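> pasting the structure only:
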């Protein structure tokens, strides 16, 4: 999948789990999703499930650095490098 | 004078893996003694109540011991509270002092000034001190001889009527003495706490018990996704032998790499229902450690029962008492408590009552609330359950109104008192809704006096300004009126069921229309 398409889908997904008062377009791609207040810290679980379901990334088997899920840019990099 | 159980050994080494800070036992003693000296110089004295406005850090534990060694009572504050909530807790507990860091000091500056509370800055842990042995011995003696109220933990009332659970030095020591009969020293060698330290489970049982027994303690920020996602490697790197946690943390941790090798001997899970399936998954992830379901409530100093060390996971199994007697009774009324009525038979479901030396002294300045829950030393837990034929206790539900969000208890009255105080709200009722991440999250039904989206936007801002983030409702239902029973009362469970069939407000859309 092209990166613009992956980004578009990721943003749509983040819009579904974000806090009501914080639109996704209020943050830049490099901003921290949690520190910016877009999502709460344990919502990262839903991002992991999204990546497992949509991209087949197996976190339990391969491990990962939590920083890889910290921002839109980091997640897109992770998809590019880890999606089978 | 209270008869005290001998103090457990002395504090062990303590570490913050995230910051890299660590202290040996000797350094703990020196730094805590220095703090005590500073606190006494600041005027902290026996009988004072002292808020501690930070947590999950070495500094917090040094401050706590120093408060106790000064003869005062500590009130650990949930660092996520808004200034509005903090004001309520200060009004309830009437502390003379507030120990904080620069960040908490700024946040609560006005509240402290209004209430004539003296702010004391927590000193940096890194500061090396050279104290004479006599000064350290004096501080330790102050700690060992401490009596009276030790800890106030607010379980609700951050916004409405306060409900602070008061534990004394005696009830805490009774708790630790009971735990030391149940958990072996080998298990506790290197314990990890990633639960909030303003919370009985995290503070009294997971952290203070092993640490004050002389074992090494590792502290992580509470509910930090970063820490949970690195849990496997943290456990391996620090050779952790013991950890307690809540189901919501495991939901995330199980998605990550397991510890390899694992040094875990026992893993406890509590504060929220643990399903058989999640229990089995934790067992597989922990690879060989005994995984146990723990039962505890703040009023009993947390853990009072646990599933056997080796057992087949089962829904609701909380096993046998730890330092407590249990009775399952047909009634929750103090007039029908265990000293006045006949308990249910094995297999019969009823209200769980508990008697323990670790039971709180009472609710802070609320003898009315205490009398509703305690009768002849027996405490009505508000939980429903039964004993099986083998004497194992099972939970089957609860009668309390609380919303259990990932192990943290939220009381609907706190939510309603904020929302109902908004002028355009005619009525509100809060309840828990199912949440795949946290087990439950906060929902609210509101009846508005005006039909105007702008009022809803203002109500949302009003709420977020006054309630800590985790208490802000994630589902909002707009109703014409709130259904009542024929006696005119709201039945929260029925309302939750009613709302489950309704469409919640699209707050994202409503808030997005603000421009």
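That came in fine, so what should we check first? As the structure is a computational prediction, the values presented were derived from the model and not from experiment.

> In three-state terms, label residue B:446 for me.
Put simply, residue B:446 is strand when judged by DSSP: H, G, I helix; E, B strand; the rest coil.

> Counting by contacts, list what the helix or strand of chain A with the lowest mean pLDDT packs against.
Every helix and strand of chain A was ranked by mean pLDDT, DSSP states H and E. The lowest is helix A:59-62, at a mean of 78. Contacting helix A:59-62 under the criterion 3 or more Cβ pairs under 8 Å, 6 or more residues apart in numbering or on different chains; DSSP states H and E are the following elements: helix A:44-55. C-beta coordinates here come from the backbone N, C-alpha and C atoms, glycine included.

> The helix it packs on and chain B in contact?
Yes. Residues of helix A:44-55 contacting chain B under Cβ under 8 Å from any Cβ of the partner chain: A:44-46, A:48-49, A:52.

> burial count for the nearest residue to residue B:10 once chain neighbours are set aside?
Distances taken as Cβ to Cβ, 6 or more residues apart in numbering or on different chains place residue B:214 nearest to residue B:10, at 6.1 Å, with adjacent residues excluded. Close neighbours of residue B:214, defined as other Cβ atoms under 10 Å in any protein chain shown, add up to 16.

> Which other helices and strands does the helix or strand containing residue B:285 contact?
Residue B:285 belongs to helix B:276-286 when elements are defined using DSSP states H and E. Helix B:276-286 is packed against helix B:247-253, strand B:266-269, strand B:290-297, with contacts defined by 3+ Cβ pairs under 8 Å, 6+ apart.

> That helix: which residues count as buried?
Buried residues in helix B:276-286, counted by 16 or more other Cβ atoms under 10 Å in any protein chain shown: B:278-279, B:281-283, B:285-286.

> For residue B:443, which three-state class applies?
Quick answer, by three-state DSSP: residue B:443 is strand.

> The helix or strand harbouring residue B:155 to strand B:290-297, inter-axis angle?
In the assignment (DSSP H and E), residue B:155 maps to strand B:149-156. In terms of direction (axes from the mean of the first three to the mean of the last three Cα atoms, to 10 degrees), strand B:149-156 departs from strand B:290-297 by 90 degrees.

> Run through who's touching strand B:149-156.
Strand B:149-156 is contacted from outside by B:49, B:68, B:73-76, B:78, B:89, B:92-93, B:162-169, B:171-172, B:198-200, B:203-204, B:298-299, B:361, B:364, B:402, B:409, B:411, B:413-414, using Cβ atoms under 8 Å, 6 or more residues apart in numbering or on different chains.

> any low-confidence regions in chain A?
A:1 (pLDDT under 70).

> at 80 instead, please
Across chain A, residues meeting the criterion (pLDDT under 80) sit at A:1-2, A:42, A:60-64, A:84.

> how about the residues of it that lie near chain B?
A:15, A:18, A:20-21, A:23, A:34, A:40-46, A:48-49, A:52, A:59-66, A:69.

> Now which of those residues would you call buried?
Using 16+ other Cβ under 10 Å, the buried ones in the residues of chain A next to chain B are A:18, A:20-21, A:34, A:40-46, A:48, A:59-60, A:64, A:66, A:69.

> which helix in the chain runs the most residues?
Since you didn't name a chain, this refers to chain A. Of all segments of type helix in chain A, defined using DSSP state H, the longest is helix A:3-17.

> That was the other one, I meant chain B.
helix B:25-42.

> Output the residue of the stretch 351-500 of chain B whose distance to chain A is smallest.
In the stretch 351-500 of chain B, the residue that lies nearest chain A is residue B:437 (5.6 Å; Cβ to the nearest Cβ).

> That residue reaches residue A:47, doesn't it?
No. With contacts counted by Cβ atoms under 8 Å, residue B:437 stays clear of residue A:47, the gap being 11.4 Å.

> got any ranges where chain B has weak pLDDT?
B:1-9, B:102-107, B:127-131, B:156-162, B:398-400, B:437, B:486-488, B:513-515.

> Pop the domain breakdown of it in here.
B:20-146, B:168-400, B:403-512 (automatic domain parsing).

> how close does the residue nearest the centre of chain B get to chain A?
The centroid of chain B falls nearest to residue B:199 when counting by Cα atoms, centre = their mean (2.3 Å). With distances taken as Cβ to the nearest Cβ, to the nearest Å, residue B:199 is found 16 Å from chain A.

> Ramachandran angles for the closest residue to that residue other than its chain neighbours?
Excluding its sequence neighbours, the residue lying closest to residue B:199 (Cβ to Cβ, 6+ apart) is residue B:408, at 7.0 Å. Note on residue B:408: its backbone torsions stand at phi -90, psi 130 [degrees, to the nearest 10].

> Where does residue B:417 sit: helix, strand or coil?
helix.

> That one: neighbouring residues, count only.
Residue B:417: 20 neighbours (other Cβ under 10 Å).

> And stretch B:11-25, end to end?
6 Å (Cα to Cα, to the nearest Å).

> brain fart, stretch B:266-277
Start and end residues of stretch B:266-277 are separated by 18 Å (Cα to Cα).

> and which of the buried residues of helix B:276-286 is nearest chain A?
The shortest approach to chain A among those belongs to residue B:285, at 8.5 Å (Cβ to the nearest Cβ).

> quick check, residue B:271 in a helix?
No. Applying three-state DSSP, one finds residue B:271 to be coil, outside a helix.

> Near chain A, which residues of the stretch 351-500 of chain B? Just list them.
Within reach of chain A by Cβ under 8 Å from any Cβ, the stretch 351-500 of chain B has these residues: B:406, B:437-438, B:460-461, B:464, B:469-470.
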